[in-house]
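Asker: Predicted structure and sequence below. I'll ask about it afterward.
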Amino acid sequence: MDIQLAQVEQIIAQLYGNVDSNSAQEYLQTLQKQQYAWELAPQLLASESVNSQFFGAHTFQVKISRDWHTLPPDRKEWVRNELLRWIVRLSNGPMVVITKLCLALTAFALQAVPEFWTNFISDFLNYLHTESITVSAQNQSQPLFIELPLLEFLTVIPEEVLRADLIGERKARVNQELTDSIPRVMSILETLLSAHHEYSERDIILKQKCLRCLQSWIQYGVPFEMLHLLIDHVIALFSIESMNDAATEVLVEFISQTRINYYQNTVCEKILQCMTGDWAKSQITKAINDGDELSARNLCRLMTTFGDNFTNYVAINFLRQDIVIYLEMMLMFAGFPGYFGQDQEISEMPLQFWFMLQESLCDPEVIPVISASDNDVSTSDIQTLNISPTNIQQIRESSIVIFRRLIEVLRGKVQYPPDSEWVEFTKDVKERFWHYRRDVGDTILNTYYVLRDQMLAFLVELAISQISTPGRDQNQWQDLESTLFCIKSIAEAVSNGENIYLPQLFGSDVYGKLPVQGHTKLRNTAFSLIGSYADWFKSNPQYILSALNYLIPALSDIELALAAATAFKEVCDICRDSLVNGIEDLVNMYIVVGPNIQPREKQKVIESIADVIQVLPPEKMVQPLLSITSDIIQTMKDIILHGRQNPSQFREIIITQLEYLTCCGRGIQPPDENLIVIDDDDLKTKQNFAVFDSIPVQDLTNALSEIIRNIAEIWYQDNEVIECLCKFLNIGIRITPNLLSIPFEIIVPLIKISFQRHPHANWLETAVQIVTVYGSSPKHGVDLMDVLISLTSTTIQHVRSKAEMEQYPDIVNSYFLLITKFLKKCPLLLYSLPSDMFNGIMTFSVAGLGLQERLALKSAVNFIGEFIGQDCENDKFAKGIENVMMTYGLEIMRELLLVIKLIILYNYDIMDNKSLIIIRGLEVNCHDHLLVHYLLFYTR
C-alpha cells in the first residue's frame, strides 16, 4: 500500500470535517490494519494538526490492542519509548491527544506484562520526572505542564484494568503493580490537592484532574486507611464552585463503596459535616429562592447517596442536630419548587431515601420495639445498638413529626398545575409528571407505615376542609385531587376495619360534595380511589351503593369511562356477595347506560355485572343474564344478516360482540374455579339442575349455537374473528353451571367442519379444551374419535411437508398439544385409529422433531415423551409402543441428537423431564443400543 503522509493527513481532515466521512473512515480503518501503521503513528504525532496527532495516538492504541501479535519482539521497546516520548513532548498540548496517548500506553502495559514490562507505573513516574527535567532545561521559556499527563495516565490505568479481560499470571501481576503503587499514587495526589494557590486556571485544572484520578482509584479499591486524609482535602474543595462537580463525583464514589461501611462512624461524621455546614445550607436556600436546580443538584446527589448507603445510621442518630439539619435539607429537596418534568427534576432524587428510612425506622433490629405496657426493651438490643428506651421513644415521636411534614410536601408535589399551564406542557413532560406521581405514590404508601392512623386522619380532615372552604373557587380543584391521590396511594395498607375516617370520606363530608360535572382529573382520581378501597367496601357494605351511584353516571363519559369502569369492576368483583341483592338495579342501570358506553369500558361493565350474577343460584341467574345478553345477541343476529354480503365491513362489530359475550362468560365463572373435568357423575349432577331444561335457557342456547355456526361460516377466513369466537367457546367449556356454553353435540361438529373449511390453530386449541373436559367420559368416546380422525386428516393434508410445518408452526404446535391431550385423557382412542392414520401421526411427529421453530418443536418433543413414557402394563399400550420403536426408533434418536445440538448451541428451552423418558424408552425399545448410549453420553 503506497502511503503518502500528506495524503493521509488530508483524509484525516476529511474524516473530522464531516465531508464524505464514511469513505474516509473506511480508508483509515483499512490503513490501520497494515503493518506500516506502526511507523505511521509517530509521523502523525509530529504533525501540527491536532486531528492528525489524535489519529496517530489512536492508531498506536488500535495496533497495540488488536495487532499486538504482529509487533516483532525487538520493536516493543521502540513502541514504548515512542509513547513515553510523545506524552512528554505533547504535555502542553491538547488534552484529547494526551488522553489517547495514555490509553495507548496503558494498552501496551497490559499486553507487555509480565514478559516485557512489569513495573509499568513506577517506570512511568520515574521516566516522566527525569524527562521533564531534561526537556524543561532545554526550553526554559515554556515549562512543561507535566502533571497533566501524569494524572491522566494514573486515571486511565485503574479504569482500563477493571475493564480488561485479564486472566492468570498477567492478571495477578497487573493487580500487584497497582496495589504496590497505591502509596506512591496517594502521596502524589495528597501533595497536589493540599498545595495552596490562588486558584489560577492552571491550578483549577490540576486539582480537577487530581479529583478525577482519585475517583478512579477509589473505584479500583484503595483501602480506607489511605483515603481518609485525602477525603478531607476533597471536602475542603467541595465548597469551591469550580471544584464542586469533581469533588461531588469523588465523594459519591467514596460513600458508595460497600467496604466503607466498616468505618461508618468516621465516614458519616466527615460527610455530614460537609453536607450540613453553612455553605451547603446557604446553597440550597439560594437555589430554592432562585429556582436554580443546577446549583443544588450536586449537593442533592451527595445527600441522597449518603442517605441510601447509611440509612440505618440516620435512623439510629435521628435526634442528633446534624441529622436533624440533614433531614430538613432532604425535605427541602423533596419539595423543590416547580412542577416535576417541566420546571425541575430534582424532587424525585430523595424519594428512595425516604422509603429506606421508613424501612429502618420500622426495623426492630435497627430501632428496637418498646413494650407498650412497661416501656421495656431488650437489654441485649440496648447494648448492641447503644440506644436507650427514652431515645427510642423520642425517635418515634420525632419521626412522626418529620414524616408528617414529608406527606405535606409530597402532597403538594403531586398537585396538578392550573389548567392553563397544564395545556402548555408537552406530551413528554406530562408523561414524566405522571411517572413521578406514581413514584411519589409509592413513597406515600411507605410513609403510612410510620404515621398510621395519623396520616389518614390528616388527609381526610384536609379533604373535608378543602371541599368545604367557604367561597372556594370551583375551578381550583388541584389541591383536593392531590389529597385524594394520597389517600388512594395508601389503600393497600389501611385496615378494612377502619371505621372513623373512611366513613367520613365516602359519606356526605367528601364524596357527597364532589362535583358530578366537569373536573375530569379530580373525578378520575375519585373513581380510582373507590376501586382501590374495594376490600374496605366488602367489610363496610353500607357505603357501596353511594360509591357506585357516584361511579355509574361517568361510565358513558369518554374522558371518565376508563377509571369509572375499572373501579366498578374492582368493586363488583370483590363485593359481589354484598351486591347480589341489588342485581336487578345493576341490570337496569346497564340497560340505561350500556348503549352509551365505549366498547373497552363496556367489556368491564358486562363482566362486573356478571361477577355479581355468578353468586346467584342457577335458577335465579337466568333472568339477569338474559337481560345483559339480549342486546348483544340481537346485534349479532342483525350483523349476521348483513355480514353475508360483505363480511369485512362488519368484522369489527362482530368481534366486539364476541368480546362482550366472552366477558360475560368469564364473569359468571366462579372466581376459585379451575378447569372443570366432566365424567358421568358430573353429568348426572349437571342434569339435576332443572334450569338447563327451562325454555329460556334452551332458547338462549339455541340462539347462541345458531349465531356461532353462522359466524364460523361467514368469517371462516378471518383469523381475528375466529380467535375471538374460540375464546368465547373455551370460556363456555370451563364454566359451571354452564349457562353460556355451546353443547358438546353442537361444538364438536362445528370444530370439524370449521377446521376443514379453513385450518385455524384456534380450532385445535378449542378441541384440546373439549378433550380435557370430556376425554374421561366413555359416553363421548365415539364423537371424540370422530373429531380426532377429522382433525388429523385435515392437518396432515394441509401440512404435508417439513417446509409447510415450518410455514404453519401455530397449527403444528396446536395439533401436537391435541394428540398429547388425547394420549393423556383417552389413549385407547389414539391406538384405535386406522393403522395408516396412526402411522401418519408418527411420521408427522418424527418430522416435528426436526423443526427450527421453538414452540412447535417443544410440543413435538413433549408428545414423543408422553408417548414413550406411557404405562406399559396395558398390553395394547405396550404393543403399540414396541411397534412404534421398531419402526421409528432410529429416526427419533437421530432427530433428538439434532434437538440436543440446538439446546447446546442456541440454548433452546425445549426439553424438560420428558427428555429422560424419551431416552429411557428408546434404550428399552430400540435395538441399536450403541446409538442410545451415545445419546445418553451426549446429554450428560
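Answerer: Everything's here; your move.

Asker: ok, the nearest residue to Tyr326 once chain neighbours are set aside to Leu351 distance?
Answerer: Among residues not flanking Tyr326 along the chain, Thr276 sits closest, at 5.5 Å (Cβ to Cβ, 6 or more residues apart in numbering). The C-beta positions use only the backbone N, C-alpha and C, and glycine is treated the same way. Separation of Thr276 from Leu351 (Cβ to Cβ, to the nearest Å): 21 Å.

Asker: what's the answer for Thr311, then?
Answerer: 13 Å.

Asker: before we move on, what about Leu211?
Answerer: Leu211 is 28 Å from Leu351, by Cβ to Cβ.

Asker: For the two, work out which one has more neighbours and name it.
Answerer: Leu211 (27 against 21; other Cβ atoms under 10 Å).

Asker: Which residue comes closest to the more buried one once chain neighbours are left out?
Answerer: Excluding the flanking residues, the one nearest Leu211 by Cβ to Cβ, 6+ apart is Ala246, at 3.8 Å.

Asker: May I ask which helix or strand encompasses the one you found?
Answerer: For Ala246, the host element (DSSP states H and E) is helix 241-256.

Asker: quick one, helices of the stretch 51-200 of the chain?
Answerer: With helices called from DSSP state H, counting those that start in this stretch, the stretch 51-200 of the chain shows them at 76-89, 95-112, 120-138, 147-163, 168-194.

Asker: Out of the ones you listed, which gets the lowest mean score?
Answerer: Sorting the helices of the stretch 51-200 of the chain by mean pLDDT places helix 120-138 lowest, at a mean of 83.

Asker: in it, what counts as buried?
Answerer: For helix 120-138, the neighbour count (16 or more other Cβ atoms under 10 Å) marks 120-121, 124-125, 127-128, 131-132, 135 as buried.

Asker: closest to Ala6 among these?
Answerer: Val135 (28.2 Å; Cβ to Cβ).

Asker: Share the number of residues neighbouring Lys752, please.
Answerer: As a burial measure, Lys752 scores 21 neighbours (other Cβ under 10 Å).

Asker: Wait, it touches Asp786, no?
Answerer: Yes. Contact criterion Cβ atoms under 8 Å: Lys752 and Asp786 qualify, at 7.4 Å.

Asker: Buried residues of the helix holding Ala246, list them for me.
Answerer: By neighbour count, with 16+ other Cβ under 10 Å as the criterion, the buried positions of helix 241-256 are 243-244, 246-255.

Asker: Name the nearest of these relative to Ile868.
Answerer: Of all the buried residues of helix 241-256, Ile868 sits closest to Glu253, with 59.3 Å by Cβ to Cβ.

Asker: For the closest one, list the residues it contacts.
Answerer: The contact partners of Glu253, taken as Cβ atoms under 8 Å, 6 or more residues apart in numbering, are 215, 218-219.

Asker: can you pick the most crowded of those residues?
Answerer: That'd be Ile218 among those, by other Cβ under 10 Å, with 24 neighbours.

Asker: Not counting sequence-adjacent ones, nearest residue to that one?
Answerer: Using Cβ to Cβ, 6+ apart and skipping the chain neighbours, the partner closest in space to Ile218 is Glu253 (4.9 Å).

Asker: Now do that neighbour against Ala564, distance only.
Answerer: Glu253 sits 50 Å away from Ala564, taking Cβ to Cβ as the criterion.

Asker: Same question for Tyr550.
Answerer: 9 Å.

Asker: who has more neighbours, these two?
Answerer: With neighbours defined as other Cβ under 10 Å, Tyr550 and Ala564 compare such that Ala564 has more, 29 against 20.

Asker: where's that one relative to Ile64, distance?
Answerer: Distance of Ala564 to Ile64, given as Cβ to Cβ: 67 Å.

Asker: same thing with Gly775?
Answerer: Plainly put, Gly775 is 69 Å away from Ile64 if you go by Cβ to Cβ.

Asker: same thing with Ile892?
Answerer: Noted for Ile892: a distance of 54 Å to Ile64, by Cβ to Cβ.

Asker: Equivalent analysis for Leu740, please.
Answerer: With Cβ to Cβ as the criterion, Leu740 and Ile64 are 74 Å apart.

Asker: Which neighbours do Tyr550 and Ala564 have in common?
Answerer: By Cβ under 8 Å, 6+ apart, Tyr550 and Ala564 have these common neighbours: Phe527.

Asker: Name the helix or strand for Leu562, please.
Answerer: Leu562 belongs to helix 561-574, assigned by DSSP H and E.

Asker: and that helix, what other elements does it pack with?
Answerer: Applying 3 or more Cβ pairs under 8 Å, 6 or more residues apart in numbering; DSSP states H and E, we find helix 561-574 packed against helix 520-532, helix 534-539, helix 544-551, helix 599-613.

Asker: For burial, what's the neighbour tally of the residue nearest to His233 when sequence neighbours are not counted?
Answerer: Spatially, and ignoring its direct neighbours in sequence, His233 is nearest to Leu193 (4.1 Å; Cβ to Cβ, 6+ apart). Look at Leu193: counted by other Cβ under 10 Å, it has 21 neighbours.

Asker: Measure how the helix or strand hosting Thr285 sits relative to helix 241-256, angle-wise.
Answerer: In this structure, Thr285 sits in helix 278-290 according to DSSP H and E. Orientation check (axes from the mean of the first three to the mean of the last three Cα atoms, to 10 degrees): helix 278-290 against helix 241-256 gives 110 degrees.

Asker: shouldn't the residue nearest to His233 be in contact with Leu230?
Answerer: Yes. Using Cβ under 8 Å, Leu193 is in contact with Leu230, at 6.6 Å.

Asker: list the residues that contact both of these two?
Answerer: Leu214.

Asker: Distance check, Glu584 against Ser627.
Answerer: Using Cβ to Cβ, one gets 9 Å for the distance from Glu584 to Ser627.

Asker: What of Gln797?
Answerer: Here Gln797 is placed at a distance of 46 Å from Ser627 (Cβ to Cβ).

Asker: Which of the helices and strands in the protein ranks last by mean pLDDT?
Answerer: helix 929-939 (a mean of 44; mean pLDDT, DSSP states H and E).

Asker: quick one: contacts for Ala334?
Answerer: For Ala334, the contacting residues are 347, 350-351, 354, 406, 409-410, 413, by Cβ under 8 Å, 6+ apart.

Asker: among those, who's most crowded?
Answerer: Counting neighbours by other Cβ under 10 Å, the top entry in the contacts of Ala334 is Trp354, with 28 neighbours.

Asker: Who are the packing partners of the one helix or strand it maps to?
Answerer: Per DSSP H and E, Trp354 falls inside helix 351-361. If you count contacts as 3+ Cβ pairs under 8 Å, 6+ apart, helix 351-361 packs onto helix 293-309, helix 311-316, helix 321-334, helix 389-413, helix 427-451.

Asker: So for Cys826, which of these sits nearest?
Answerer: That would be, of the helices and strands packed on helix 351-361 and by Cβ to Cβ, helix 427-451, which comes in at 50.6 Å.

Asker: which residues are in contact with the closest one?
Answerer: Contacting residues not belonging to helix 427-451 are listed as 339-342, 345, 347-348, 351, 354-355, 358-359, 361-362, 399-400, 403-404, 406-407, 410, 413-414, 422, 425, 455-456, 458, 485-486, 488-490, 492-494 [Cβ under 8 Å, 6+ apart].
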